[in-house]
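# Here's my sequence, what's the structure:
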Amino acid sequence: MQIQVKNVSKKFKKNYVLKNINLDFQSGKIYLLSGQNGCGKSVLLKLICGLYLPTNGEILFDGKKYNSNSICYSGIRALIETPNFFPNLTGLENLKLLAKINDIITEEEIVHTLSKLNFKKFLNRKYCEYSLGTKQKLGIAQVLMESPKIIILDEPFNALDEKTNILIRKILIEEKEKDKIVILASHINIDFENFVDQVYYLDNGHIVKNRRNK
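Numbers count the residues shown, from 1 in each chain. As a prediction, the model looks like this:
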């Protein structure tokens with residue numbers, strides 16, 4: 001699997017938030033988009049997901065372009081910005097409801113994903129009772145549960161303690177080793193050196209530098 005971002009710009013009204021972005025994402029790697037809040041990270045992720053269309057340029061999935069005249073690439077699952085679920089349903093009920101959309105996984109598979117995230121004790125508690133960190137873990141579980149080819153997580157370590165951070169990293173490395181593309185975005189200044197394969201730095205809508213770690 002390959003994602004190519006070619007000469008992509010995006011503007012809202014008269015303001016460009018992304019300018020002439022060129023990126024290449026390959027299976028079996030973890031990528032990090034790094035930069036301060038407002039630099040364009042979340043907008044770029046939404047473009048890749050098909051939630052926005054580029055003002056200029058194109059995004060290709062294995063050489064195929066998805067745009068307003070076709071469906072978005074179906075192998076993506078993403079958590080962008082704050083998780084949002086039905087407050088009066090339990091975590092398990094929320095994920096079962098979402099799973100009905102594609103109807104490709106069982107309740108047992110959902111529970112297995114939640115168990116990997118040490119979520120079992122929260123299965124039958126209502127979402128409105130969750131802490132911010134627990135809500136974040138449920139959002140990550142929603143991304144992982146259908147085993148997508150492309151995993152996109154915006155600020156995945158928000159509100160998580162160090163033990164959970166380590167667990168999430170371990171799980172994402174396992175997903176990478178299954179030949180997935182994993183794309184993360186973060187403004188948090190933590191050590192990604194031994195975790196991600198490639199870092200792209202954004203500033204004011206531009207890729208200002210990149211670093212390959214492995």
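# Report all helices and strands that the helix ranked longest in the chain contacts.
When the chain is parsed with DSSP state H, its longest helix is helix 162-177. Judged by 3 or more C-beta pairs under 8 Å, 6 or more residues apart in numbering; DSSP states H and E, helix 162-177 is in contact with strand 29-34, helix 132-144, strand 150-154, strand 181-186. No exception for glycine: its C-beta is placed from N, CA and C like everyone else's.
# partners of the shortest one, with directions?
Right, strand 150-154. Note on strand 150-154: by DSSP bridges, its sheet partners are strand 76-79 (parallel), strand 181-186 (parallel).
# tell me the centre residue of this structure?
Centroid check for the chain by C-alpha atoms, centre = their mean gives I152 as the closest residue, at 1.8 Å.
# does it really touch E175, like I thought?
No: applying C-beta atoms under 8 Å, one finds I152 not in contact with E175, separated by 11.7 Å.
# roughly how far is stretch 122-131 from the heart of the chain?
22 Å (C-alpha atoms, centre = their mean, to the nearest Å).
# quick check: mean pLDDT across it?
Per-residue pLDDT over stretch 122-131 has a mean of 95.
# Count residues in the vicinity of T106, would you?
11 (other C-beta atoms under 10 Å).
# swap that for H112, please
12.
# Tell me the spacing between it and R169.
19 Å (C-beta to C-beta, to the nearest Å).
# and what of Q4?
Distance from Q4 to R169, by C-beta to C-beta: 27 Å.
# Flag the shaky bits of this structure, pLDDT-wise.
67-71, 189-191, 193, 214 (pLDDT under 70).
# all strands for it, in order.
Under the criterion DSSP state E, the chain contains strands at 2-12, 15-26, 29-34, 56-61, 64-65, 76-79, 150-154, 181-186, 198-203, 206-212.
# Dump the ones you listed into CSV; add distance to I140 as well.
Converted to CSV, those look like this (distance: least, C-beta to C-beta, whole Å):
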stretch, distance to I140
strand 2-12, 20
strand 15-26, 19
strand 29-34, 14
strand 56-61, 23
strand 64-65, 28
strand 76-79, 6
strand 150-154, 7
strand 181-186, 11
strand 198-203, 21
strand 206-212, 25
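# ok so, going back, figure out which of the strands paired with strand 150-154 is closest to L144.
The closest of the strands paired with strand 150-154 to L144 is strand 76-79. By C-beta to C-beta, the value is 7.4 Å.
# Confirm for me that I21 is in contact with L44.
Yes: if you go by C-beta under 8 Å, I21 and L44 touch, sitting 6.6 Å apart.
# Need the overlap of contacts for the two.
V5, V8 (C-beta atoms under 8 Å, 6 or more residues apart in numbering).
# okay, those two: which has more neighbours?
Using other C-beta under 10 Å, the more surrounded residue of I21 and L44 is L44, with 29 against 24.
# Thought N22 was touching the more buried one, still the case?
No: L44 is beyond contact range of N22, at 11.7 Å (criterion: C-beta under 8 Å).
# Overlap in contacts, these two.
By C-beta under 8 Å, 6+ apart, the residues touching both L44 and N22 are V5, V8.
# number of nearby residues for the closest residue to L160 other than its chain neighbours?
Of all residues not flanking L160 in the chain, G133 sits nearest, at 5.1 Å (C-beta to C-beta, 6 or more residues apart in numbering). The tally of other residues near G133 (other C-beta under 10 Å) stands at 14.
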